[in-house]
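Student: predicted model and sequence follow; I will ask about them next.
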Amino acid sequence: MTISLNKLDDEIKKLEMRFVALTTIVFTIQDEFIKDNPEFLRKSLANMLGNDMIRDGFTQYVNNEPGVTDDYKTFMMEINEIANKYEEE
């Protein structure tokens, strides 16, 4: 089966649109839960940063994006040290 580049581009744009819609919904729900439940925020961040692929991507962003403060860089270094410790066990 052959697919044209235009068709592939259209399908990618549709997926991007769906992804943006889902992300918006998730952030809205998360914002509402966080208001009354700070533990929800901690668990959400822990689960997200517990995923190696997400954590690595965020680490690359923090280390390479101009204007990111040293506090964020230090935070990510600490998170990565904790993750590495768990992976060793």
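Tutor: Noted; the coordinates are in hand.
Student: low pLDDT regions in this structure?
Tutor: 1 (pLDDT under 70).
Student: next, name the residue at the spatial heart of it.
Tutor: The centre of the chain sits closest to Ile54, judged by Cα atoms, centre = their mean, with a distance of 5.1 Å.
Student: ok, it touching Met48?
Tutor: Yes. Using Cβ atoms under 8 Å, Ile54 is in contact with Met48, at 5.6 Å. C-beta coordinates here come from the backbone N, C-alpha and C atoms, glycine included.
Student: contacts only, for the residue nearest to the centre of the chain.
Tutor: Ile54 is in contact with Met48, counting by Cβ atoms under 8 Å, 6 or more residues apart in numbering.
Student: just say helix, strand or coil for it.
Tutor: Three-state assignment for Ile54 (DSSP: H, G, I helix; E, B strand; the rest coil): helix.
Student: for the biggest helix by length in the chain, packing partners?
Tutor: If you go by DSSP state H, the chain has its longest helix at helix 5-36. In terms of contacts (3 or more Cβ pairs under 8 Å, 6 or more residues apart in numbering; DSSP states H and E), helix 5-36 is packed against helix 38-49.
Student: the helix it packs on - contacts with which helices or strands?
Tutor: Using 3+ Cβ pairs under 8 Å, 6+ apart, helix 38-49 is in contact with helix 5-36, helix 52-64.
Student: if we go to 10 Å?
Tutor: Here helix 38-49 touches helix 5-36, helix 52-64, helix 70-88, going by 3 or more Cβ pairs under 10 Å, 6 or more residues apart in numbering; DSSP states H and E.
Student: what does that helix rub up against?
Tutor: The contact list for helix 38-49, computed with Cβ atoms under 10 Å, 6 or more residues apart in numbering, reads 26, 30-35, 37, 54-55, 58-59, 75-76, 79-80, 82-83.
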